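> Predicted model, plus sequence, below.
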Amino acid sequence: QVQLVESGGGSVQAGGSLRLSCVISRNFFNFKPMAWYRQAPGKQREWIATATWGYNKYYSDSVKGRFTISRDNSENTMSLQLSSLKPEDTGVYFCNAAPGETTRYWGQGTQVTVSS
């Protein structure tokens, strides 16, 4: 079974920062583009960032310039640095493979709450 374990969420004020982490099963992580997603209250889960095996990075327009994705291929982990947070960044954050390669199983995610 694929393991996806997110951590690092919390409650911050607007303008604050958080760093999220994810540990992924080695056999799922290897050579795959990996991504972060988030699900805001009452909304569908949305893609926000991808890091490829070769460390290319892609971001949704909503987080570009504020969030930074990274991965450690030797440790099968990835992280997401959240900066200049806004109330609309509130939601549950998940890690998984990039769109089109996700596993049906999703981890529990980690809650990020941004207050104004």
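Cool, got the structure. Numbering: from 1, shown residues only.
> any weak-confidence spans in this structure?
Regions of the chain meeting the criterion pLDDT under 70 are absent.
> element containing the residue nearest the centre of it, please.
Centroid-nearest residue in the chain, with C-alpha atoms, centre = their mean: Trp36, separated by 2.7 Å. Using DSSP states H and E, Trp36 maps to strand 34-39.
> The closest residue to Glu101 other than its chain neighbours: what's it in contact with?
Closest residue to Glu101 apart from its sequence neighbours, by C-beta to C-beta, 6 or more residues apart in numbering: Lys32 at 5.9 Å. C-beta coordinates here come from the backbone N, C-alpha and C atoms, glycine included. Applying C-beta atoms under 8 Å, 6 or more residues apart in numbering, we find Lys32 in contact with 53, 97-98, 101.
> related to what we said a few turns ago, may I have the residues that are in contact with the residue nearest to the centre of the chain?
So Trp36 contacts 20, 22, 47-49, 67, 69, 78, 80, 93-95 (C-beta under 8 Å, 6+ apart).
> Turn the buried ones among these into a named ChimeraX selection, would you?
Listed next is the ChimeraX selection for buried residues among these, using 16 or more other C-beta atoms under 10 Å:
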select :20,22,47,48,49,67,69,78,80,93,94,95
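> In strands only, show me the contacts of Trp36.
20, 22, 47-49, 67, 69, 78, 80, 93-95 (DSSP state E).
> what about Gly15, which helix or strand?
Applying DSSP H and E, one finds Gly15 in no helix or strand.
> I figured it hits Pro87, correct?
No: Gly15 is beyond contact range of Pro87, at 10.5 Å (criterion: C-beta atoms under 8 Å).
> Got the phi and psi for Gly100?
Note on Gly100: its backbone torsions stand at phi 100, psi -10 [degrees, to the nearest 10].
> Counting neighbours, what do you get for it?
6 (other C-beta atoms under 10 Å).
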